[in-house]
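>>> just need the structure, nothing else, for what follows:
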Amino acid sequence: MTPLRQLRAIGQAQCPSRARNDVVLPRNLPHCLNRQSGSVVQRTEVLEISSNRHDARRVAAAAAVEAPVAAAPERPPEPKVPIEGVVCLPVTKNIKCLRGVCNERLKYEVEYSLKKGTSENSYLLKGVGGKFTVLLDVPFKAFAEDFMSAISREVDPKDLTHVIITHVGPNRIPTLKLLLEAALAGRTAAKPLKIVVSNPAQAALEKGLADMLTSDCPIEWVKVKGSGEARIPITEAYSLTAMLTPTPRWPDAMCVVDPLSKVVFTSKLFSSHVAPGLLSTKAGSSAFDVGGWDAYGDHWRYFFDCMLAPMAPQALSALDKLPATATPRASLDTPSQFINAVLTSWGAMVADITRGSKAAAKASWQPQVASLFAYALAPQHGPVVRTSLSRLVREYRKWTEEQVAALSRSNVVVMYASAYGNTAALAQAISRGLTKGGVGVSTVNLELTPLAEVVDHIKDADGFTIGSPTLGGHMPTPVQLALGSILRESNARELPCGVFGSFGWSGEAVDEMEAKLKDGGYGFAFKPIKVKFKPTATDLSVCEQSGRDLAVQVKRRLKSREKGSASSMAAVAASSAQLAMGRVVGSLCVVTSRDEEAVSAMLASWVSQASFDPPGITIAVKKDRGMETMLQPGNAFAVSMVPESKEKPIMKAMTRPFEPGADRLANLAHKDSEVSGCPVIEGANAVLDCTVVSRMEAGDHWVVYGRVAAGKLNSEELTAVHHRKVGNHY
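Below you'll find the model as predicted:
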């Protein structure tokens with residue numbers, strides 16, 4: 001039993017009335033990877049993956065915590081999710097997609113900030129007898145009842161032979177329970193339901209399904225292990241291929257390839273949080289990426305930036321494990337190289353046919369050509385990727401390699417343990433701020449990382465932050481061990497750092513981490529972040545701003561160590577191009593936006609009219625600005641033009657240093673616009689209410705195009721103009 005589980009068990013034992021009946025598991029699965037399945041299942045089949053490399057990662061041994069634990073308060077009830085139901089859409093003649101759709105923001109985590117809804121994908125594959133007997137993944141619990149209705153229309157759950165889980169979270173287990181209740185009814189041990197999982201997924205399911213897994217439960221675990229490829233036999237003539245693709249956030253993740261249909265089930269890779277029906281009626285009625293890159297490109301990029309950029313080395317490793325169908329290599333980058341590869345395979349097949357061996361011909365053709373083509377990528381969220389397959393894979397590799405390259409220049413370690421996924425959500429938001437700030441990020445799940453590896457991360461770090469839940473008034477053991485190692489590492493004292501965490505009672509863990517680091521002489525880049533239960537939009541905004549503040553300090557520290565940096569900057573400043581660009585002027589404005597209770601504001605001068613009909617403007621926003629996250633397509637924003645007479649007081653109020661979460665308009669009179677709901681400055685000579693239509697990446701900035709919904713002229717006074725001497729800074 002891990003320390004987090006033990007603490008929960010002790011807390012519930014001390015206060016049975018507060019013990020919850022529903023399944024609550026940590027989102028990042030803090031379970032032992034090598035846990036034996038015990039006697040609760042009929043038998044276990046292990047798929048050993050052929051590879052000469054051994055997996056270097058092992059679960060860190062955690063000491064049991066013996067101290068008595070106070071009972072945690074009951075968590076507030078979760079709001080009901082307004083879902084649109086589950087539909088069944090064809091992918092191939094052998095594959096169907098069961099898509100659960102939510103048109104509204106499902107949760108507050110940063111990956112949902114585009115507020116375009118989401119889709120939860122499960123897949124049915126044909127197996128025994130040509131029937132749909134293989135299920136791949138189950139959706140979020142809000143879709144459970146609709147999912148059961150949809151799957152029952154396609155197949156009797158009792159006829160399922162395999163359930164493949166590419167990733168499991170605590171909010172999916174209630175759906176799996178409903179499915180198993182139907183699938184196991186009347187089933188005997190002679191024909192068990194095979195559940196294909198990774199080791200950490202099995203540990204999570206055994207915990208979450210403990211009340212169902214009796215000694216006579218007709219379930220057979222089929223475990224995927226290792227670092228290469230594993231074969232999953234479905235029938236005597238048909239098998240799937242599985243590859244483990246773990247990350248710190250999803251240690252149980254794996255991808256599955258269907259060699260018959262040439263479909264790659266990618267789990268979280270290539271996902272996007274978008275309800276296709278919001279883009280177009282045609283997109284909503286198709287399993288595929290109707291509209292291609294223009295429709296989904298921003299959503300794929302945003303999901304990557306939020307979820308995978310902070311885990312770039314693991315993401316790159318996952319891409320490398322996928323077959324060439326999903327990851328074009330340099331050897332096939334040009335048309336001639338691609339055609340030569342196809343012709344070579346064709347020639348080998350023809351030669352074998354000439355010799356009279358059709359079996360040899362098939363064998364020589366399939367391994368080479370089959371690896372060159374994929375029909376589609378089937379992720380857990382968003383559309384099945386077919387139209388934009390080549391471009392998305394190419395962009396994914398480019399984005400990942402850019403983040404890995406950033407790690408070679410600067411490295412901030414984000415360490416955390418998470419009891420219910422809330423601290424993990426905070427870590428994700430901080431990581432998002434760090435990557436936006438232009439530094440490399442190493443994400444370390446302390447519950448799954450050996451202590452020696454944690455120490456190595458600290459030795460290579462240019463800054464760090466550590467997060468912890470509060471369990472029984474203390475940090476869990478993995479966090480205690482990591483913190484002790486940090487305090488013993490003398491060079492770490494020079495690094496900028498931060499602490500954060502979630503709690504259900506009083507949050508002592510964050511206070512304890514802060515006190516120990518302060519006593520050790522460590523300097524903090526941001527104030528400690530303490531969040532009760534689930535983080536809100538404001539909490540996540542504070543985390544993102546804190547990540548950017550830490551990035552600024554890290555870059556400042558690295559810059560001070562660079563030899564000749566001052567002279568090189570002087571040379572840049574003195575260049576003719578930069579001096580000439582400094583003569584480009586812009587109107588001085590205050591741009592504001594709102595995301596529910598979270599409000600952001602910034603001073604901007606790179607604002608320009610962009611169109612007559614419809615009236616539109618563009619704003620250039622630096623990627624590391626807090627405002628950037630809120631300026632996504634569909635979001636509202638307001639622009640308050642600064643009159644010449646108020647230039648100095650407004651600039652003074654808006655350019656002073658702000659702490660994360662601080663009210664940037666506190667020293668300026670303002671009110672909410674009746675049109676956009678965003679704050680507007682009282683005393684502005686003109687105000688525009690706008691909606692973001694599109695964005696274009698432009699180096700270290702985003703160019704945001706907004707359509708003007710309304711405007712008001714308050715005075716005839718001229719707008720202040722921002723003059724610069726050089727074009728390499730504001």
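
>>> any low-confidence regions in the protein?
For the chain, the stretches flagged by pLDDT under 70 are 1-79, 107-111, 113, 323-373, 562-574.

>>> packing partners of the longest helix anywhere in it?
In terms of residue count, the longest helix belonging to the chain (DSSP state H) is helix 537-561. Packed against helix 537-561 by the contact rule (3 or more Cβ pairs under 8 Å, 6 or more residues apart in numbering; DSSP states H and E) you find strand 411-416, helix 422-436, strand 463-467, strand 496-503, strand 529-532, strand 598-604. Just so you know, the C-beta spots here come from the backbone N, C-alpha and C atoms, and that holds for glycine as well.

>>> Throw those into JSON lines and include mean neighbour count, thanks.
Converted to JSON lines, the helices and strands packed on helix 537-561 look like this (neighbours: other Cβ atoms under 10 Å):
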{"stretch": "strand 411-416", "mean neighbour count": "26"}
{"stretch": "helix 422-436", "mean neighbour count": "27"}
{"stretch": "strand 463-467", "mean neighbour count": "27"}
{"stretch": "strand 496-503", "mean neighbour count": "27"}
{"stretch": "strand 529-532", "mean neighbour count": "21"}
{"stretch": "strand 598-604", "mean neighbour count": "21"}
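
>>> Cys255 is nearest to which of the ones you listed?
With Cβ to Cβ as the measure, helix 422-436 is the member of the helices and strands packed on helix 537-561 nearest Cys255 (21.3 Å).

>>> check contacts around the most centrally placed residue in the chain.
The chain has Met307 as the residue nearest its centroid, 2.0 Å off, counting by Cα atoms, centre = their mean. For Met307, the contact set (Cβ atoms under 8 Å, 6 or more residues apart in numbering) comprises 111, 249, 268, 271, 428.

>>> the second one sits in which helix or strand?
What that stands for is Arg249. Using DSSP states H and E, Arg249 sits within no helix or strand.

>>> mind checking how far it is from Asn199?
Arg249 is 17 Å from Asn199, where distance means Cβ to Cβ, to the nearest Å.

>>> circling back to that earlier point, am I right that the residue nearest to the centre of the chain falls within a helix?
Yes - assessed with DSSP: H, G, I helix; E, B strand; the rest coil, Met307 lies in a helix.

>>> phi, psi of the residue lying closest to Ser485 once chain neighbours are set aside?
Closest residue in space to Ser485, ignoring its immediate chain neighbours: Val455 at 5.0 Å, by Cβ to Cβ, 6 or more residues apart in numbering. Per-residue torsions, Val455: phi -60, psi -40 (degrees, to the nearest 10).

>>> if I look at Val455, how far off is Val444?
To Val444, Val455 is 11 Å away according to Cβ to Cβ.

>>> all the helices of the stretch 101-250 of the chain, residue numbers only.
Using DSSP state H, counting those that start in this stretch, the helices of the stretch 101-250 of the chain run over 144-154, 173-183, 199-208.

>>> give me whichever of those is most buried.
Greatest average neighbour count among the helices of the stretch 101-250 of the chain goes to helix 199-208 (a mean of 23), per mean count of other Cβ atoms under 10 Å.

>>> next, the angle helix 173-183 makes with that helix.
Helix 199-208 and helix 173-183 are oriented at 80 degrees to each other (axes from the mean of the first three to the mean of the last three Cα atoms, to 10 degrees).

>>> list the contacts of His273.
106, 111-112, 114, 116-118, 299, 302-303, 381-382.

>>> of those residues, which is the nearest to Gly683?
Leu114 (33.2 Å).

>>> does the closest one touch Leu631 like I think?
No - under the criterion of Cβ atoms under 8 Å, Leu114 makes no contact with Leu631, lying 11.0 Å away.

>>> name the residue in Val455 and Val444 with the higher neighbour count.
Under the criterion of other Cβ atoms under 10 Å, the comparison of Val455 against Val444 puts Val444 first, with 22 against 16.

>>> follow-up on the earlier one: can you lay out the helices and strands packed on helix 537-561 as TSV showing distance to Val87?
Output for those, formatted as TSV (distance: least, Cβ to Cβ, whole Å):
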stretch	distance to Val87
strand 411-416	37
helix 422-436	29
strand 463-467	38
strand 496-503	35
strand 529-532	36
strand 598-604	33
